[in-house]
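J.: Predicted structure and sequence below. I'll ask about it afterward.
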Amino acid sequence: MKVGIVYTSVTGNTEETVNNIYSIAKKYTKDSSIFPVARFPLHELMTFDVIIIGTYTWGNGDIPLEMMSLYRAFEEYDTKEIITGVVGTGDQCYPRFCGAVDEFRDMLYVHSNLAATLKIELTPQLLDIERCQQFVKIIMERAKSKTRV
Ligand SMILES: Cc1cc2nc3c(=O)[nH]c(=O)nc-3n(C[C@H](O)[C@H](O)[C@H](O)COP(=O)(O)O)c2cc1C
């Protein structure tokens, strides 16, 4: 089961979150990798069984610009078979808390096999680590039931 975690982070909250998710994912499969979005080989997207997207939210509930090529790739390629999850960090002070997660969720629901979403307030706390474990578990169970690996 080939798992890719693709993320963007400016101040480190999302990076810390996806690093936790990566540690958890490694318990389920030997073939997992983590990429800052700028280093993700987009042309290899279709070779992944599972893609987990990690993003902060910008502007007024917006997806950061650097994530848009990944977003569009899901719209343009035949990605319906890829099992996906999207996790984000955001700030409850903004009216659209983790709006980028909602934007990705709506698109991935149509263009992939979306298994789970997760929103985290700024830096992940102890309780958030448990939520990350649950998030990864749901995604991996979906993947197992599909790939029987
Ligand atoms: C200019 C600006 C706009 C933001 N807009 C939102 C927003 O609309 N919704 C939200 O939930 N968080 C918003 N945030 C908060 C960030 O998403 C949050 O701090 C996030 O954890 C940053 O992730 P990072 O540490 O991985 O870069 C905004 C932050 C800044 C600086």
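T.: Perfect, I can see it now.
J.: Could you report the neighbour count for E75?
T.: By the measure other CB atoms under 10 Å, the count of residues near E75 is 11. Bear in mind the C-beta positions are built from the backbone N, C-alpha and C, glycine included.
J.: likewise A38?
T.: A38, neighbours per other CB under 10 Å, totals 9.
J.: please renumber so the chain begins at 201
T.: Sounds good: first residue 201 from here, last item A238.
J.: Would you agree it is in contact with E266?
T.: Yes. Judged on CB atoms under 8 Å, A238 makes contact with E266 at a distance of 6.6 Å.
J.: what separates the nearest residue to W258 once chain neighbours are set aside from the ligand, distance-wise?
T.: Nearest residue to W258 in three dimensions, chain neighbours excluded: P264, at 4.8 Å (CB to CB, 6 or more residues apart in numbering). To the ligand, P264 is 8 Å away according to CB to the nearest ligand atom, to the nearest Å.
J.: Contacts only, for P264.
T.: 208, 255-258, 300 (CB atoms under 8 Å, 6 or more residues apart in numbering).
J.: which of these count as buried?
T.: Buried members of the contacts of P264, scored by 16 or more other CB atoms under 10 Å, are 208, 255-258, 300.
J.: Kindly present these as a markdown table, with separate columns for distance to the ligand and pLDDT.
T.: Below are the buried ones among the contacts of P264 laid out as a markdown table (distance: CB to the nearest ligand atom, whole Å; pLDDT from 0 to 100):
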| residue | distance to the ligand | pLDDT |
| --- | --- | --- |
| T208 | 7 | 98 |
| T255 | 8 | 98 |
| Y256 | 3 | 98 |
| T257 | 4 | 98 |
| W258 | 5 | 97 |
| A300 | 8 | 98 |
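J.: Just these: which are in helices?
T.: A300 (DSSP state H).
J.: so which two of the buried ones among the contacts of P264 are the farthest from each other?
T.: Pairwise distances across the buried ones among the contacts of P264 peak at 10.7 Å for T208 and T257 (criterion: CB to CB).
J.: Could you give the backbone dihedrals for F297?
T.: phi -60, psi 120 (degrees, to the nearest 10).
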